[in-house]
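>>> Sequence unavailable; structure follows:
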């Protein structure tokens, strides 16, 4: 079953310098039916004005992923990490026992558009850590590339949870079939463009919970960029942090 959630059904936080669409309950947006899915807690679609950003703030016991769509995002944290990530880069910060970080638009002239994704870790505590990788367009063109996994397979970033995240780019006749294990859930998030999944049309910002669906066929893309989350069949609602 594909349970679609359209882009305009998401929550919205508009703070002037920040325009953020919330797939799941976050900050001032609360919907008891939208408190994550399995271990996936947050997908925030953030657009940040030039020279602005999120000042230093703490997190613990959360796997935090940043995926840049346009512009450049500057990261600093209490582990001593400093980096700027651009489209094609993927950042994973495991907050563990506690870390302070900031995320700013690196540019003074243009906005930055990125996804911030939170995954609940399998265990609390642990040493905080930072990872970053670059995925080329060729690796995602017309197919899915594994970008995050629990075991670091295929040079993916290693996350502290039983979740696998794939990224793909689809246009024209490009098509990919993904097979899901019988005991797995999935979540689809279309970051930009549009495409069909099992005959259902998805546009930018649309997402879907997937249960009891053995195969997913992605086709008919129009400059589509898609994230696919392979998740445990876990229906527990997590508290929003």
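Great, that's in hand. These figures come from a predicted structure and were not determined experimentally.

>>> If you count neighbours, what's buried in stretch 134-146?
135, 139-140, 142-146 (16 or more other CB atoms under 10 Å). Heads up, the C-betas are built off the backbone N, CA and C, glycines and all.

>>> May I see the buried residues of the worst-scoring helix or strand of the chain on mean pLDDT?
Here the helix or strand of the chain ranked lowest by mean pLDDT, DSSP states H and E is strand 53-59, holding a mean of 85. Across strand 53-59, burial judged by 16+ other CB under 10 Å covers 53, 59.

>>> Can you name the next helix or strand after that strand?
The helix or strand immediately downstream of strand 53-59 is strand 63-70, counting by DSSP states H and E.

>>> What are the buried residues along that following strand?
So for strand 63-70, counting by 16+ other CB under 10 Å, buried means 63-69.

>>> and the residues you listed as CSV, adding distance to residue 93 and pLDDT?
Below are the buried residues of strand 63-70 laid out as CSV (distance: CB to CB, whole Å; pLDDT from 0 to 100):
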residue, distance to residue 93, pLDDT
63, 8, 97
64, 5, 96
65, 8, 97
66, 8, 96
67, 13, 97
68, 14, 96
69, 18, 97
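
>>> returning to what we had before: can you lay out the buried residues of stretch 134-146 as JSON lines showing distance to residue 75, secondary structure and pLDDT?
What follows is the buried residues of stretch 134-146, written out as JSON lines (distance: CB to CB, whole Å; DSSP: H, G, I helix; E, B strand; the rest coil; pLDDT from 0 to 100):
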{"residue": "135", "distance to residue 75": "17", "secondary structure": "coil", "pLDDT": "96"}
{"residue": "139", "distance to residue 75": "22", "secondary structure": "helix", "pLDDT": "97"}
{"residue": "140", "distance to residue 75": "22", "secondary structure": "helix", "pLDDT": "98"}
{"residue": "142", "distance to residue 75": "30", "secondary structure": "coil", "pLDDT": "97"}
{"residue": "143", "distance to residue 75": "28", "secondary structure": "coil", "pLDDT": "97"}
{"residue": "144", "distance to residue 75": "25", "secondary structure": "strand", "pLDDT": "98"}
{"residue": "145", "distance to residue 75": "22", "secondary structure": "strand", "pLDDT": "98"}
{"residue": "146", "distance to residue 75": "22", "secondary structure": "strand", "pLDDT": "98"}
